[in-house]
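Engineer: with the input below, show me the fold.
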Amino acid sequence: MGQLQQFLPFLLMFVVIYFFMIRPQQKRAKNEREFESALKVGDKIITKSGIHGKISEIADSTVVIETMAGKLKMERSSISMELSATLSKKE
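Structural biologist: Numbering: from 1, shown residues only. Have a look, this model is predicted:
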């Protein structure tokens, strides 16, 4: 019983860290994966580097976006879920 009481604070600390840090991060990563898989041709997006564009082609892990300067090929993971969501709310 004494050993359990000795390790109880560490166990509680791990539980708190899990619920306040690890779990929300996993949930956010899952939402980003769902967002990336739901992208379709014609969606207006903003990349994490701030480039605005419209998706013109989609491949397995890349997208081609059409910007004012021309077409750019980028990774799907470079598209910002938050910035693209604010862009779609403005319209």
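
Engineer: how near is the nearest residue to Thr47 once chain neighbours are set aside to Leu72?
Structural biologist: Counting by CB to CB, 6 or more residues apart in numbering, Ser78 is the residue found nearest to Thr47 once chain neighbours are left out, at 5.1 Å. C-beta here means a position set from N, CA and C on the backbone, and glycine is covered the same way. According to CB to CB, to the nearest Å, Ser78 stands 10 Å off from Leu72.

Engineer: could you do Arg33 as well?
Structural biologist: Distance from Arg33 to Leu72, by CB to CB: 22 Å.

Engineer: hmm, back to that, count the neighbours of the residue nearest to Thr47 for me.
Structural biologist: 16 (other CB atoms under 10 Å).

Engineer: surely it and Ser49 touch.
Structural biologist: Yes - if you go by CB atoms under 8 Å, Ser78 and Ser49 touch, sitting 7.1 Å apart.

Engineer: now the strands for this protein?
Structural biologist: Ranges of strands within the chain are 44-46, 52-58, 62-67, 70-75, based on DSSP state E.

Engineer: give me the pLDDT for the residue nearest to Thr47.
Structural biologist: Note on Ser78: pLDDT of 93.

Engineer: mind listing what it touches?
Structural biologist: Residues near Ser78 by CB atoms under 8 Å, 6 or more residues apart in numbering: 47-49.

Engineer: how about the residue lying closest to Ser77 once chain neighbours are set aside, what does it touch?
Structural biologist: Spatial nearest neighbour of Ser77, excluding adjacent residues (CB to CB, 6+ apart): Glu36 at 6.6 Å. With contact taken as CB under 8 Å, 6+ apart, Glu36 is in contact with 76-77, 79.
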